[in-house]
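[1] Mind looking at a prediction? Sequence and model below.
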Amino acid sequence: MSGQSPPRVLVFDSGIGGLSVAACIHQHLPGADLVYLADNAGFPYGDKPEAVVIERSCTLIGRALEQYPADVVVVACNTASTVVLPHLRGMTPVPVVGVVPAIKPAAAKTRNRRIGLLATPATVRRPYLDQLIEEFAGDCRVERIGHPGLVRWAEDLVAGGVVPVAELWGAMAAFREAGVDTVVLGCTHYPLLLDSLKQSLPAVQFWVDSGEAIARRVAWLLDQAGRLAVARSPVAEPASPPVTAALFSGPAPEGIAVFMAGLGLSPRRVYGAWPAEQPVATEAGSA
């Protein structure tokens, strides 16, 4: 196995939320090489027409695969996953993994059959969510909150922003009133807010997101390709950074390399305005 190059996973999101998924993948598969791609020039996706989300996602992922051939593509964005997966699978033979709110594992955990679903306003309105609840949590009361501010608060953390505690407490009132014991983090940005969310919902026993399930799916796909052993192998020290490149379609967020390092995802290079002809590249550690 020493002669094998590490398998590569391309993780895509509209912003930094997909870093929560990338961190789970790295924890499960420390020998895999990661490329992170964020369409922050198009952020947020939740208020955009489906055709725009499809066009932007497919174009950027296609360009990234040309420059950074990958073994698996992960669409770590709930909004994009609801519309782009068939189009991506039609344009590339690379396996594509999407995310859905973790209703099924939440229904397995809840003890009082009361679940809180925290998602973007666009996600809580989508019919597929009704189908997930009916299929996997039909015997539960599912309270939904689609708050427009949480994604932005998560994005602001990169620049050292602070979550507005009082505003978050008010936003979570419906969950406290419903007495939910389990909360589904139905957006990949939300695990980045987990400490603040726990303070606003002290009675919640179980917090469920999609990161673990995605990591298991990526592992299964790599196993099918005979690449799992390499992906699971611990990287010898001194190790190369786990993220070969962090690509941002807009300006690279200030402080992003430090923020990623805090998640265990130090990037070798950070590119802003990607894929411009002459993108700005930042060496990790100097950003």
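    Structure's in. What do you need?
[2] Show me where the protein has its strands.
    Assigned by DSSP state E, the chain shows strands spanning 8-13, 33-38, 72-75, 96-97, 114-119, 141-146, 182-185, 206-208, 243-248, 267-272, 280-283.
[3] Tabulate those strands (CSV), appending distance to residue 232.
    From N, CA and C alone the C-beta is placed, and that goes for glycine too. Formatted as CSV, these follow (distance: least, C-beta to C-beta, whole Å):
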stretch, distance to residue 232
strand 8-13, 13
strand 33-38, 13
strand 72-75, 14
strand 96-97, 17
strand 114-119, 32
strand 141-146, 36
strand 182-185, 26
strand 206-208, 24
strand 243-248, 18
strand 267-272, 21
strand 280-283, 29
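[4] and residue 27, which of those is closest to it?
    strand 33-38 (11.6 Å; C-beta to C-beta).
[5] Run through the neighbouring helices and strands of that closest one.
    Judged by 3 or more C-beta pairs under 8 Å, 6 or more residues apart in numbering; DSSP states H and E, strand 33-38 is in contact with strand 8-13, helix 18-28, helix 50-67, strand 243-248.
[6] With residue 198 as the reference, name the closest of the ones you listed.
    Using C-beta to C-beta, those put helix 18-28 closest to residue 198, at 15.1 Å.
[7] helices and strands around the closest one, which ones?
    strand 8-13, strand 33-38, strand 72-75, helix 211-224.
[8] what pairs with the closest residue to residue 218 other than its chain neighbours across the strands?
    Among residues not flanking residue 218 along the chain, residue 72 sits closest, at 5.3 Å (C-beta to C-beta, 6 or more residues apart in numbering). As for beta bridges, residue 72 partners with residue 9 under DSSP bridges.
[9] Can you list the low-confidence ranges for the protein?
    Applying pLDDT under 70 to the chain picks out residues 1-3, 235-239, 277-287.
[10] And the residue nearest to residue 193 when sequence neighbours are not counted, how far from residue 142?
    Of all residues not flanking residue 193 in the chain, residue 154 sits nearest, at 5.4 Å (C-beta to C-beta, 6+ apart). Residue 154 sits 23 Å away from residue 142, going by C-beta to C-beta, to the nearest Å.
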